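Asks: pasting a predicted model and its sequence here:
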Amino acid sequence: MSVKLKEKSVHDYVQVKMGKKTSPIMVKGPIIVGAGPSGLAAAACLKHKGIPSLILERANCLASMWELKTYDRLCLHLPKQFCELPLMPFPQNVPSYPTKKQFLAYLKAYADHFYIKPAFSKTVVSANFDHRSGYWRVKTTTTTTTQGMKKEESEYVSQWLIVATGENAEEVMPQIEGMDEFEGPILHTSSYKSGNLFCGKNVLVVGCGNSGMEVSLDLCNHNARPSLVVRDTVHILPHRMFGKSTFGLSMSLLKWFSIGIVDKFLLLMSHLMLGDTAQFGFNRPKIGPLELKNLYGKTPVLDVGTLAQIKSGKIKVCRGIKQLSQHQVEFVDGKTENFDVIILATGYKSNVLSWLKGSDMFCEKDGLPRKAFPNGWKGENGLYAVGFTKRGLFGASIDAKRIAEDVEHCWKALAGENIERYHHKQVSWPIATHSCNKLLLNQNAAIGAFIALLLA
Ligand SMILES: Cc1cc2nc3c(=O)[nH]c(=O)nc-3n(C[C@H](O)[C@H](O)[C@H](O)COP(=O)(O)OP(=O)(O)OC[C@H]3O[C@@H](n4cnc5c(N)ncnc54)[C@H](O)[C@@H]3O)c2cc1C
Ligand SMILES: NC(=O)C1=CN([C@@H]2O[C@H](COP(=O)(O)OP(=O)(O)OC[C@H]3O[C@@H](n4cnc5c(N)ncnc54)[C@H](OP(=O)(O)O)[C@@H]3O)[C@@H](O)[C@H]2O)C=CC1
Ligand SMILES: O=C(O)C(=O)Cc1c[nH]c2ccccc12
């Protein structure tokens with residue numbers, strides 16, 4: 001059964017002032033942290049089941065990682081059917097590998113379709129489960145610049161908390177000896193837009209994941225002189241094989257063959273199509289590409305033309321960095337070279353541990369769920385995680401569907417006890433006198449204040 005609810009925006013939530021203290025904002029349905037693809041997918045799956053939710057987002061736009069932290073030439077590496085969110089496919093006129101702009105347009109249409117209206121500029125700074133009340137208490141700060149810098153603090157309360165802040169929430173900024181002495185700019189790929197700013201410059205790109213490889217190619221196409229730091233082993237695969245996407249082909253093969261066999265096939269094809277990558281400085285890991293992704297989440301590089309530029313000598317490959325000085329970089333093999341700019345393509349990390357308190361669902365080492373895929377989505381006390389599977393957008397969609405189903409069980413229990421009253425007596429929804437809730441919850445201000453008192 002799905003329960004139709006009146007649409008609500010964050011402005012409809014009740015906030016009660018009690019003296020100087022602002023009362024918590026009671027949220028109907030789950031609080032979702034993050035308005036990226038994962039948060040949107042979770043909100044849409046819930047909405048589809050008639051369950052409202054509230055997304056808290058630190059940026060002032062949807063999918064801020066895609067909007068603000070990606071380079072101009074970025075396209076999805078995987079075909080669109082592996083990147084669509086639940087319940088709404090990409091439009092047919094979008095190409096197989098959507099551009100960043102097309103992907104963002106799809107996400108906007110998705111949010112509009114499901115009437116998802118996140119609360120923007122709300123950075124979640126802490127989330128605690130209150131065992132007394134059985135509710136999650138989520139604190140945010142808002143920084144507004146309209147009347148100078150103004151910091152506002154708010155608290156939101158719900159019995160469900162869905163973490164959707166992503167595997168790429170913060171940049172990994174390595175500490176390299178002599179970094180302070182280097183006189184040129186040092187930037188992370190999250191602030192790199194295009195090679196046109198670097199024409200004629202010697203640029204060192206640190207890190208050879210998909211970002212580092214593609215940024216090196218972009219620099220090359222804009223007549224900069226890139227060098228790429230490769231400190232460890234990496235799998236490079238052709239982006240396409242037999243006119244099909246390597247990823248899509250692998251997924252089809254995995255239906256029939258073991259991961260070991262598919263990996264052997266991928267390595268053979270890669271050798272035939274790209275040659276021995278070790279000759280160009282890319283030693284392959286001992287574990288095959290799909291197995292490595294599966295076990296450790298390390299994504300193989302899907303080559304979109306970088307290797308050809310390396311073969312032609314337009315992009316140089318260097319070993320790990322030993323230290324930096326004013327203009328120079330010394331590598332671990334003793335070589336030194338002058339550079340104008342350093343671009344850190346050193347990846348990203350989760351930020352969950354910095355704000356989620358009192359839960360051991362996430363591992364202290366990497367801020368990802370402790371339980372391996374496909375079980376990482378569910379924690380204790382109404383806590384969920386979406387988009388931490390190391391399986392890209394496809395993994396996020398799987399999580400979102402599971403979470404919505406799980407919340408629905410509890411929501412239905414709620415509905416079962418209140419549906420009669422909702423329909424016949426026209427009271428506001430939900431009035432929670434049910435097994436999942438430990439508190440009476442209404443959106444009316446007086447009860448809001450009462451709960452605020454309990455929580456204080
Ligand atoms: C360059 C790049 C390209 C990629 N391409 C692909 C691809 O082609 N296919 C694929 O499947 N995957 C791809 N990925 C993987 C990527 O992780 C997903 O595409 C996707 O963005 C993940 O969505 P998400 O919502 O989990 O995280 P994000 O998109 O990172 O969204 C998380 C949101 O949470 C917000 N947030 C973080 N902390 C807080 C806080 N404390 N309070 C409030 N809000 C907060 C952030 O501002 C952000 O808007 C790519 C990743 C990168 C970096
Ligand atoms: N079009 C697309 O679909 C694209 C997708 N992506 C995805 O975005 C995610 C992030 O990718 P990306 O930004 O490349 O990050 P990754 O984490 O995939 O790669 C980071 C790279 O930096 C290296 N590195 C880290 N620290 C250092 C250091 N101190 N010195 C030298 N090298 C270092 C890592 O090496 P090591 O392995 O040794 O730690 C690794 O090669 C991935 O999932 C990727 O697939 C990215 C770009 C395009
Ligand atoms: O871009 C990413 O990081 C992704 O997670 C997408 C992805 C999931 N599984 C893969 C296997 C090979 C290449 C990319 C991916």
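Replies: Ah, there it is. Ligands and ions are numbered 1, 2, ... in the order given.
Asks: what's the nearest residue to Glu152 if we skip its chain neighbours?
Replies: Thr142 (4.4 Å; C-beta to C-beta, 6 or more residues apart in numbering). Bear in mind the C-beta positions are built from the backbone N, C-alpha and C, glycine included.
Asks: helix, strand or coil: sort out the one you found for me.
Replies: Using DSSP: H, G, I helix; E, B strand; the rest coil, the structure places Thr142 in strand.
Asks: measure it to ligand 1 for me?
Replies: 11 Å (C-beta to the nearest ligand atom, to the nearest Å).
Asks: cool, and Asp360?
Replies: From Asp360 to ligand 1 the distance is 19 Å (C-beta to the nearest ligand atom).
Asks: any idea how far that residue lies from Gly166?
Replies: For Asp360, the distance to Gly166 (C-beta to C-beta, to the nearest Å) stands at 20 Å.
Asks: the more surrounded of the two?
Replies: Gly166 (25 against 9; other C-beta atoms under 10 Å).
Asks: quick one: pLDDT of the more buried one?
Replies: Model confidence at Gly166, given as pLDDT, is 98.
Asks: where does it sit: helix, strand or coil?
Replies: coil.
Asks: I'd guessed it sits against Met65; true?
Replies: Yes. Gly166 is within contact range of Met65, at 6.5 Å (criterion: C-beta atoms under 8 Å).
Asks: quick check: neighbours shared by these two?
Replies: Common contact partners of Gly166 and Met65 (C-beta atoms under 8 Å, 6 or more residues apart in numbering): Gly36.
Asks: can you verify my assumption that Ala44 contacts Phe114?
Replies: Yes. Contact criterion C-beta under 8 Å: Ala44 and Phe114 qualify, at 4.2 Å.
Asks: for the two, indicate the residue with more neighbours.
Replies: Applying other C-beta under 10 Å to Ala44 and Phe114 shows that Ala44 carries more neighbours, namely 24 against 19.
Asks: can the host helix or strand of the more buried one be said to contact ligand 1?
Replies: Element membership of Ala44 [criterion: DSSP states H and E] is helix 37-48. Yes. Contact of helix 37-48 with ligand 1 (C-beta under 6 Å from any ligand atom) involves 37-39.
Asks: neighbouring contacts of stretch 271-282?
Replies: Defining contact as C-beta under 8 Å, 6+ apart, one finds that stretch 271-282 is touched by 208, 230, 233-234, 236, 238, 241, 270, 283-284, 303, 307, 310-311, 317-318.
Asks: distance check, Lys28 against ligand 3.
Replies: For Lys28 relative to ligand 3 (C-beta to the nearest ligand atom), the value is 33 Å.
Asks: for that residue, which non-adjacent residue is closest in space?
Replies: Nearest to Lys28 is Pro52, by C-beta to C-beta, 6+ apart, at 4.9 Å.
Asks: and the one you found, how close does it get to ligand 3?
Replies: Distance of Pro52 to ligand 3, computed by C-beta to the nearest ligand atom: 30 Å.
Asks: phi and psi next, for that residue.
Replies: Dihedral pair for Pro52: phi -80, psi 170, per degrees, to the nearest 10.
Asks: repeat for the one 4 residues further on
Replies: With angles defined as degrees, to the nearest 10, Leu56 sits at phi -100, psi 120.
Asks: tell me which parts of the stretch 1-150 of the chain are close to ligand 3?
Replies: The stretch 1-150 of the chain comes close to ligand 3 at residues 77-78, as judged by C-beta under 6 Å from any ligand atom.
Asks: could you rerun that using 8 Å?
Replies: 77-78, 82 (C-beta under 8 Å from any ligand atom).
Asks: rebuild those as a markdown table, extending it with pLDDT.
Replies: Shown next, in a markdown table, are those (pLDDT from 0 to 100):
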| residue | pLDDT |
| --- | --- |
| His77 | 93 |
| Leu78 | 97 |
| Phe82 | 98 |
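Asks: tell me which residue in the stretch 201-350 of the chain sits closest to ligand 1.
Replies: The nearest approach of the stretch 201-350 of the chain to ligand 1 comes at Ser211, 5.7 Å away (C-beta to the nearest ligand atom).
Asks: pretty sure that residue contacts Ile343?
Replies: No. Counting by C-beta under 8 Å, no contact exists between Ser211 and Ile343, whose distance comes to 9.1 Å.
Asks: intersection of neighbour lists for those two?
Replies: With C-beta under 8 Å, 6+ apart, Ser211 and Ile343 have common neighbours Thr189.
Asks: low-confidence stretches in the protein?
Replies: Along the chain, the model assigns pLDDT under 70 to residues 1-21, 145-150, 417-456.
Asks: let's see that with 50 instead.
Replies: Residues of the chain meeting the criterion pLDDT under 50: 1-14, 16-20, 419-420, 422-456.
Asks: need the residue closest to the centroid of it.
Replies: Central residue of the chain (C-alpha atoms, centre = their mean): Gly166, 2.9 Å from the mean position.
Asks: just list the residues touching that residue, thanks.
Replies: 34, 36, 38, 65, 350, 387-388.
Asks: got it, and Glu67?
Replies: Per C-beta under 8 Å, 6+ apart, neighbours of Glu67: 59, 61, 104.
Asks: ok, so of the residues you listed, who is nearest ligand 2?
Replies: Here the nearest of the contacts of Glu67 to ligand 2, counting by C-beta to the nearest ligand atom, is Leu104; it sits at 13.7 Å.
Asks: can you get me a residue count around that closest one?
Replies: Leu104 has 17 neighbours, counted by other C-beta under 10 Å.
Asks: surely it is in a helix?
Replies: Yes. Secondary structure assignment (three-state DSSP) places Leu104 inside a helix.
Asks: any idea how far it is from Gly395?
Replies: Counting by C-beta to C-beta - Leu104 and Gly395 are separated by 20 Å.
Asks: okay, now the residue of the stretch 301-450 of the chain found nearest ligand 2: neighbour count?
Replies: Using C-beta to the nearest ligand atom, Gly347 is the residue of the stretch 301-450 of the chain that sits closest to ligand 2, at 2.6 Å. When neighbours are counted by other C-beta under 10 Å, Gly347 registers 19.
Asks: ok, Ser194 next?
Replies: 14.
Asks: picking up where we left off before, name the element the residue of the stretch 201-350 of the chain closest to ligand 1 belongs to?
Replies: Short version, using DSSP H and E: Ser211 is in helix 210-221.
Asks: leaving out chain neighbours, which residue sits closest to the residue of the stretch 251-400 of the chain found nearest ligand 1?
Replies: Of all residues in the stretch 251-400 of the chain, Gly392 sits closest to ligand 1, with a separation of 2.4 Å (C-beta to the nearest ligand atom). In this structure, Gly392 finds its nearest non-sequential neighbour in Leu78, 6.7 Å apart by C-beta to C-beta, 6+ apart.
Asks: how close does that neighbour get to Phe103?
Replies: From Leu78 to Phe103 the distance is 11 Å (C-beta to C-beta).
Asks: with neighbour numbers in mind, choose between these two.
Replies: A direct count of neighbours by other C-beta under 10 Å for Leu78 and Phe103 places Phe103 higher, at 24 against 19.
Asks: thank you kindly, that will do.
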